[in-house]
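> okay, predicted coordinates and the sequence, questions at the end:
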Amino acid sequence: MAVTVYAPASMGNVSVGFDLLGAALAPVDGSLLGDRVSVAAADQGLSLRCCGAYADVLPPDPASNIVLRCAERFIERLGLEGVGLKLTLEKNLPIGSGLGSSASSVVAALAALNAYFDSPLDDQALLHLMGELEGEISGSVHYDNVAPSFLGGLQLMLPERAQPVPSFDNWYWVVAYPGITLSTAKMRALLPKQVEMATAIRFGQQLAAFIDACHRQDEETALAMLQDVLAEPHRAAHIPGYQAARGHLSDLGCAAVGISGSGPTLFAVARNRAQAEAAAEYLGQHYIMNERGLVRVCQLPQQGIQIWQEDVINAAL
């Protein structure tokens, strides 16, 4: 028996919801933008093989890989010591990109392990475990990447669970990763320890108004609220080319532009496919720095993880 799980890339924060909002990404061309993890039986012990476009930038020692750590924690949690497993990570997301790379690996690994063992953990318990493991890499436990990658769509983080938020079907989310790596921990260190009362009030107003507008399907208000008053003012200057790209994308008519997660990936919201393609073309020419970079025109999928059974695994991996 073997199971493979795909977990999509995600945007954390979505500008208006620092550590509280996240969105899954699905390229409109039907391609997959995310990591896959396969779990299969082995005679004894745990082993990990890595492949994929970004496998060469993973830690050379498998013992340092978060996927193996997920397996160890899952086995410990379920009391499955002594089980033999062969894991394969197809690493399709760049590390330190702002696309939820570590979250995608964690979600794919734990969902695959859970499916392989006939789902002993419910979604809530699994999501909490995902947050814990992802926090080991990012430096703190937060769910704005793991929740949308696992569940799909736009998700609001509540104290004990994630709450889906209606999005806008006509919006296109153009994401561009320039090909350089930024440490999430270092980008978080740029943020102030405290914020002024006026900034906190404005943040709360904008987040509340955005969520309300999404539920009422009030496009104009939702777009007007898609602004980052907490993190972007401190991070923008540290992302090469971001401020220039933001200005040009606004000139192209993109209704909102922001930093995906901690960056350096940026996102732009377009109201139609033609505008999205124009933004993608510009970003491909002016924001991408090397062959590692990528640009995708996406929408928000209602489904998060995808599961394949054994007859697809060999072809996929």
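The structure has been received and is ready for your questions.

> burial of residue 284, as a residue count?
Counted with other C-beta atoms under 10 Å, residues neighbouring residue 284 total 13. In short, each C-beta sits where N, CA and C put it, glycine included.

> need the contact list for it.
Counting by C-beta atoms under 8 Å, 6 or more residues apart in numbering, residue 284 touches 176, 295.

> quick check: what element follows the strand or helix carrying it along the chain?
Following DSSP states H and E, one finds residue 284 within helix 273-286. Following helix 273-286 in sequence order, the next helix or strand is strand 294-299 (DSSP H and E).

> return the helix holding residue 284 as PDB; C-alpha atoms alone will do.
Taking Å, rounded to 0.1, in the frame of the first residue of the first chain, the C-alpha atoms of helix 273-286 are listed here in PDB:
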ATOM      1  CA  ARG A 273      -7.600  37.300 -17.300                       C
ATOM      2  CA  ALA A 274      -6.200  39.800 -19.800                       C
ATOM      3  CA  GLN A 275      -5.000  42.100 -17.000                       C
ATOM      4  CA  ALA A 276      -3.600  39.100 -15.100                       C
ATOM      5  CA  GLU A 277      -1.600  38.000 -18.200                       C
ATOM      6  CA  ALA A 278      -0.300  41.500 -18.700                       C
ATOM      7  CA  ALA A 279       0.900  41.600 -15.100                       C
ATOM      8  CA  ALA A 280       2.500  38.200 -15.400                       C
ATOM      9  CA  GLU A 281       4.300  39.200 -18.600                       C
ATOM     10  CA  TYR A 282       5.700  42.300 -16.900                       C
ATOM     11  CA  LEU A 283       6.800  40.400 -13.800                       C
ATOM     12  CA  GLY A 284       8.500  37.700 -15.900                       C
ATOM     13  CA  GLN A 285      10.600  40.400 -17.600                       C
ATOM     14  CA  HIS A 286      11.300  42.800 -14.700                       C
END
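
> what angle separates it from strand 294-299?
Interaxial angle, helix 273-286 versus strand 294-299 (axes from the mean of the first three to the mean of the last three C-alpha atoms, to 10 degrees): 160 degrees.

> for helix 273-286, which positions count as buried?
Neighbour-count burial for helix 273-286 flags 275, 276, 278, 279, 280, 282, 283 (criterion: 16 or more other C-beta atoms under 10 Å).

> equivalent analysis for stretch 251-271, please.
252, 254-271.

> relative to the whole chain's centre, how far out is that stretch?
Distance, stretch centre to chain centre, for stretch 251-271: 15 Å (C-alpha atoms, centre = their mean, to the nearest Å).

> now, the buried residues of stretch 251-271 that are in strands?
Secondary structure from DSSP state E places 256, 257, 258, 259, 266, 267, 268, 269, 270 of those in strands.

> could you list the low-confidence segments of this protein?
Where the chain drops to pLDDT under 70, the residues are 138-140, 311-317.

> domain ranges for it, per the record?
By the assignment in automatic domain parsing, the chain contains the domains 2-165+301-316, 172-299.

> most tightly surrounded among those?
domain 2-165+301-316 (a mean of 20; mean count of other C-beta atoms under 10 Å).

> that one: how far from the chain's middle?
10 Å.

> again with stretch 299-314
That offset, for stretch 299-314, works out to 16 Å (C-alpha atoms, centre = their mean).
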